[in-house]
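Student: need coordinates for the following:
(one chain, ligands or ions: 1)
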Amino acid sequence: MKYTTIGDTSTKISQIGLGTWQFGSSGWGYGTDFTKEDAIAVVHRALDLGINLIDTAEVYGRGNSEKIVGEAIKGYEREQIIISTKFMPLTIRPSSSIRALRKSLKRLQTSYIDIYLIHWPNPILPLGRTLHHLESMVDEGLIRFIGVSNFSTKRFQTAQQKMQFHRIQVNQINYSIARNKAEKNFLPYAIKEKVTLMAYSPLAQGFLTGKYSPNNIPKGTRRTNTLFRKKNLERGKTLLDLIKIIGKKYDVTPAQVALNWLIKDIAVTAIPGAKSLDQIEANANAGKFELLEEDLHQIRRVLEQFKPRFLF
Ligand SMILES: NC(=O)c1ccc[n+]([C@@H]2O[C@H](COP(=O)([O-])OP(=O)(O)OC[C@H]3O[C@@H](n4cnc5c(N)ncnc54)[C@H](OP(=O)(O)O)[C@@H]3O)[C@@H](O)[C@H]2O)c1
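Tutor: Residues are numbered from 1 along each chain as shown. Below is the predicted model of the structure:
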């Protein structure tokens, strides 16, 4: 496992984490394709394989993801695990964010959160007030680090300037080889300013695994992912073919190539979601080879031609 540090701190974090939106979410096949026992086994295998970052959120499975994670980590040393979870600021009252935090702590059966993130910017609320509530939580020892999610670079910079006593250490954003705008938009800033780019949907929700095609589109939550539109799947064929070929060279899967490409940059930690032991094992092993300059060059050339259309 490759490790990096969170933002400008010395706290160690694995460059492959475990995303758990899937846990407790029927839209991801929870309850039909996989069970709570499967999810708990995935967490255990992740931790045993050296993954120390587990990402969840208050909304995932309406709190069930946090509950499953809380149950799964019982018996492990809490200090060895980095839990990131998220809340949505809905009012400026400090009581509302502290209430959200306390509920997450209860579901996760823990006394602190390692990285607490604003899930989405709420443009109708004064951002500074929410950030100052988060700073108070750090001072009270309820959270260790502050993060945000789905913030543009500009919004992130503005937010960072509003901080009084602490820094924002993480921006969790949609970043994969297929949705790669962050490589130019946020990554250079993240490297320069020592901020962690936590890459969500790093497999583009399965698009980069090569198992989906115009005749086999995932159901449920992913119906709204425009990458799975017929035209985009067709546009992605050259990219998928290339990561398959590169994968063969290193005896790895296209998904592992896609994850490896993300974590070549030390500022990036990727948090693929996994629903089975096979998936978590493959993801955990994605850093076990080094893409060569010639591979990166080929990928760059193909990406220049890959122009998927997104609705948002
Ligand atoms: N901050 C935010 O707004 C935000 C938004 C989205 C996600 N997230 C976080 O990021 C995490 C990951 O993103 P995501 O779940 O949207 O997408 P993802 O990680 O790109 O894709 C996950 C899906 O890919 C498939 N998969 C995973 N590993 C695989 C492997 N080794 N081989 C083949 N297939 C594999 C599985 O689905 P199938 O087997 O069914 O294909 C899995 O559910 C989430 O769990 C969540 O923690 C955050």
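Student: so what's the residue count around E140?
Tutor: Per other Cβ atoms under 10 Å, the neighbour tally for E140 reads 11. For the C-beta atoms, the positions are set from N, CA and C on the backbone; glycine is no exception.
Student: again, but for T226
Tutor: 12.
Student: now the closest residue to the ligand within the chain, which residues is it bridged with?
Tutor: Taking Cβ to the nearest ligand atom, the ligand has its nearest neighbour within the chain at G19, 2.3 Å off. Counting by DSSP bridges, G19 forms beta bridges with D55, G273.
Student: distance of it relative to L90?
Tutor: Separation of G19 from L90 (Cβ to Cβ, to the nearest Å): 24 Å.
Student: do I have it right that A255 meets Q205?
Tutor: No: in this structure, A255 is not within contact of Q205 by Cβ atoms under 8 Å, at 11.4 Å.
Student: just to revisit the earlier point, these two touch, right, the residue of the chain closest to the ligand and T269?
Tutor: No: here G19 does not reach T269: they are 10.9 Å apart, not a contact under Cβ under 8 Å.
Student: now do the helices in the stretch 1-150 of the chain.
Tutor: 36-48, 64-72, 94-108, 127-139 (DSSP state H, counting those that start in this stretch).
Student: among these, which is the most enclosed?
Tutor: Mean neighbours per residue, mean count of other Cβ atoms under 10 Å, is largest over the helices of the stretch 1-150 of the chain for helix 64-72, with a mean of 23.
Student: CA atoms of it as PDB?
Tutor: Output of helix 64-72 as PDB, limited to C-alpha atoms (Å, rounded to 0.1, in the frame of the first residue of the first chain):
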ATOM      1  CA  ASN A  64     -26.800   3.100   7.500                       C
ATOM      2  CA  SER A  65     -23.400   3.400   5.900                       C
ATOM      3  CA  GLU A  66     -22.100   5.100   9.000                       C
ATOM      4  CA  LYS A  67     -23.700   2.500  11.200                       C
ATOM      5  CA  ILE A  68     -22.200  -0.400   9.200                       C
ATOM      6  CA  VAL A  69     -18.800   1.200   9.300                       C
ATOM      7  CA  GLY A  70     -19.100   1.800  13.100                       C
ATOM      8  CA  GLU A  71     -20.000  -1.900  13.600                       C
ATOM      9  CA  ALA A  72     -17.200  -3.100  11.300                       C
END
